[in-house]
Each structure stands twice: as C-alpha cells, then as structure tokens.
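Novice: What follows is a predicted protein model with its sequence.
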Amino acid sequence: MHAAHDQLPFAPKSFDLVVREDAADGLDLTRAPSLEKLKNLSRGAQVHLADNRWAYKRATGERGRFRRHSPLSFMRQALFPAPGLHTLAGHRRNLDPELPARTFALYPDGREFSHVVNLDGKYPRLTVGPRERANLPKVLARKIGLFPLLTPSFALISEAEGATFSARLLAFLAEKIGEEAGQLDQLIATRSNCAMLMTAPKGVHMEEEQAPIPGSWVIHIPLSPGKHRVLSQHVQFMRRAAIEFPQLKAPEVLFEGTFEGVYLCVAKRIGGWTATHATDDAGQMAALAIDLGRLLSELVVRPAQAFSAEDFERLLGQRFERVAQKCKRPETVARVHAATESLREALVGAQLPLMFHHADLRAKHLIIDDQAKVRATLDFGSAEPEFLPLVDLLHHLGHQRKQKQQCSAQQAWQELRNPATRSGHEQQALEEQAQTLNIETPIVAGMAEANWDWSRPEWIHREFGW
C-alpha cells in the first residue's frame, strides 16, 4: 500500500498484517501515511522496516556492493538525520505500546539483507565465518555489543501475544519428522526470493559440527510462485542424487508439504562451513578443485556416443534461443546466434557422455572438511537430469576466480579458456576429468540461466562486452 496522504480508504482494523517499509523505492516519508494511521488499520501484526541513523554502511543499489560511511558522513547522518532515520530506541517509541514488540536487525542492509538477527535475544543469530574474522574492527565491535547500535536497518514487529508462526511450524515439523525440534538458529533471506530457517539444539553451533545432530534442519519457504517450482525441483533432484549419486552427499529430505497453507520443504542440516570461507586458502581451493573434478567424473547418466543434432537442439539450441529472446541489444542477439551455429558445428557428431548436472556448482553450495574434501553438495534447484561434461567443474572454477580475484565473469572465463593462464590445479582438474571421460575436445561447455524471466537482459553485454 502506498498513499500520499493520511486519508486512507480503509476502515480501522481492516488488515491482519500492516507493513511499512521506509526504504521502499519512491516512498516520500514526508508525505507517507503516518505510523499512527497505519497502526489503526491493523487488527493483528504491525511490521515496521526502518533505517538506523547510526548505520555504518548502506547498500548502493548495485547488488552486493555497499558504501561505508566516512567519519564525517557518519557524524552528519547521526546529528542531522533524514526523515525516517532513528536509533533503535527511537523506532521502538513509534510502536504500539499496548502490543508486545520484537526487534531484529536486517543485515547487511534493509535494501539487500541476507540475515535477520534477533536484537532481543541470542537467536536467530548472525554467523561470523572464517573470512569475516579477519576483519578485526568488525569482530571487536560485535564483541563489545555495538552491533545493535550500528547495524544499518531494523525490522520491528508488534503483535498480540501467542505462538509465532515459526514456533507453530517447528512444533508441526517435530511431529511429522519424529525429532525434537531445535531452536530457530538462523533466519536467512536468499537472493532467489526464499526464506531459509535453520534450526539447531540450544547452544550448538552447526558450523563447528561434523556429525548429524537430530533437530538440526534447513527449512525452505518460497516467497513467489516461481520459487515454489524451483524448490519442488530442488527436492526432486536431492532425492534422486541420494539414490543414484551418493558421492554428492546431498542432504536428506525430511519433509515436503504445506503448513497453514504455506508450501515448504525441510532437509537435514549438514554441519561445517561452505567452501566460500576457504576461498583465501590457495591450498584448500586447489585440493577442492581436484577432489570435485574426480567426483563429478562419476556422474555419467549416458555413456559416450555420437552427439546428435537432436541432442544439440534439446540441450543447447533451445537454451541459446531463450537467451537470445531475453537479450536487450540486437548486436548481442546476433552474437548469440553466431555462437550457436559455431558450437553446433563443433559438437554434433562428437563422442560425448552426458552427465547428471547440478547447474549451479560453486563454493557456497559445497560444504568441505579440513582437507577440502566435499562433505555435502547443496542447492539442487537448478539441477537437470543430463547435460554436457565438464560444465559443472568449469562453473565452479570460474566462480572461484571471480571471488578470489574480484574480477568480471568475462575475465575469469577468458583466463580459464586459455591453458597458459590456468593455474596448475585448474589444469589438472580439467585434464583428469577429460581423460576419465575420454573426451578429446579440451573443453566442452554451455551455460545459460534457466530462469531468465527473473534475470537481467543486459547481463551478457555488461559482463562479456557482447
């Protein structure tokens, strides 16, 4: 709801839930309905998403990029705040005093947050991984209790007393799964429009655990119809991988169904850190690439045979055409079509096996042990029954280059294509997989997003210059 004045066309107590998001695009807080008016509309819960006047950083509007305040700009914001900027105490004063209130941090910023962190208690909590621990000022500030004061954004919730949705959900799942539920340990908002609730027994930090622990679950709740379809596919392929490819160590699916009209799926939570937190350890990343290459070589679903024109159209032609239809620039479309024909000429007739295809294999979807061996493979929402060899490995290596070097996709791909600019472990992993699968072509690859309706039409031009 967005209105430019306080004369709202609704009777009091018209809604079960009223949300005001102060950082919403186009919202002029000087002309927006007052919080008092919005409170009167709610017969149930009120949620206020707001910014902190003492925030130390802000989202820039470009995904994954944040602007940290200089001391001068921080003081200017703190002393002369814009409309809607208050401390946590200031925002709390705006809540309905007759209703119990809960307060959370939206971190790293309300415009692009990944973690919802309880400011009234310990859980759900914010994790600080091995990479973040290198940021000593950040770690020190958190230890001395500055996080609630400096965090960029808040979510303040007022509602009548009673069991929360998460409490009711955990009780329901405990009965269905047959395990005593752990507490809500982490609450994560994924970029793919999904709420991820992670549970663990009280006092247990699953990042430090190696063995499965009852009551430790990962609950996925889709926030859009498109994400519902992706999660259904995620469950389907996790179940298939567990039976046909146990070496992938996919998490066990514990439940799929609905609760209070909401679709969700639940899997066993795997302890340990994802490989993202070992990105700066060259030795571990090299060992992971070799281990992963050997593991992926075992995922053959069709032994090598002549790659037919029908195979090309089914696995690549339709994919390239979908990309061409979504591209914004005519010159990009022309280059995509030219690449399609070049690849068709190179692949049709070649002897190639087909592989079970994860399709989004990168560090954040791999949990590893101290020796950089794969302990679990996560997120099968993009998986496909079969695709070309080497692609999953290349996707992982390309993302690792981007993350380590902070470079563009174009640079990472160009360096990976050229044997002279590959690292020793990249070359070894690719060569071993090609030899195991008896592939003569040094690199066979094709990649396009399956969900282009939600993607960015300028991405190919921006990243690759096409």
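Specialist: That came through, no problem.
Novice: Now do the helices in the stretch 251-400 of the chain.
Specialist: Using DSSP state H, counting those that start in this stretch, the helices of the stretch 251-400 of the chain run over 282-296, 309-312, 318-326, 330-347, 391-405.
Novice: So which elements touch the last one?
Specialist: Looking back up the chat, that one is helix 391-405. In terms of contacts (3 or more C-beta pairs under 8 Å, 6 or more residues apart in numbering; DSSP states H and E), helix 391-405 is packed against helix 282-296, strand 351-357, helix 409-417, helix 424-436. Any C-beta I mention is one placed from the backbone N, CA and C, and that applies to glycine too.
Novice: Recalculate using a threshold of 7 Å.
Specialist: Using 3 or more C-beta pairs under 7 Å, 6 or more residues apart in numbering; DSSP states H and E, the elements in contact with helix 391-405 are helix 282-296, helix 409-417, helix 424-436.
Novice: Next, the buried residues of it.
Specialist: 391-403 (16 or more other C-beta atoms under 10 Å).
Novice: For it, list the C-alpha coordinates in CSV.
Specialist: Output of helix 391-405 as CSV, limited to C-alpha atoms (Å, rounded to 0.1, in the frame of the first residue of the first chain):
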residue,chain,number,x,y,z
VAL,A,391,30.3,-27.8,-17.3
ASP,A,392,29.8,-28.1,-13.6
LEU,A,393,33.6,-28.1,-13.0
LEU,A,394,34.1,-25.1,-15.2
HIS,A,395,31.3,-23.3,-13.4
HIS,A,396,32.9,-23.9,-10.1
LEU,A,397,36.4,-22.8,-11.3
GLY,A,398,35.0,-19.7,-13.0
HIS,A,399,33.2,-18.6,-9.8
GLN,A,400,36.3,-19.2,-7.7
ARG,A,401,38.4,-17.0,-10.0
LYS,A,402,35.7,-14.2,-9.7
GLN,A,403,35.6,-14.5,-6.0
LYS,A,404,39.3,-14.7,-5.4
GLN,A,405,40.4,-12.0,-7.9
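Novice: how far is that helix from where the chain is centred?
Specialist: Distance, stretch centre to chain centre, for helix 391-405: 17 Å (C-alpha atoms, centre = their mean, to the nearest Å).
Novice: Give me the contact list for it.
Specialist: Residues outside helix 391-405 that contact it (C-beta atoms under 7 Å, 6 or more residues apart in numbering) are 279, 285, 289, 292-293, 296, 357-358, 361-363, 407, 409, 412-413, 415-416, 426, 429-430, 433, 443, 445-447.
Novice: how does this structure divide into domains?
Specialist: Domain ranges of the chain: 15-158, 165-268, 278-464, per automatic domain parsing.
Novice: In TSV: those domains, plus mean pLDDT.
Specialist: Converted to TSV, the domains of the chain look like this (pLDDT from 0 to 100):
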stretch	mean pLDDT
domain 15-158	87
domain 165-268	94
domain 278-464	87
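Novice: For Ser73, grab the count of nearby residues.
Specialist: Ser73 has 12 neighbouring residues, counting by other C-beta atoms under 10 Å.
Novice: host element of it?
Specialist: Using DSSP states H and E, Ser73 sits in helix 71-79.
Novice: Buried residues, that helix. List them.
Specialist: Buried residues in helix 71-79, counting neighbours by 16+ other C-beta under 10 Å, are found at 74, 77.
Novice: Going C-terminal from that helix, what's the next secondary structure element?
Specialist: strand 85-86.
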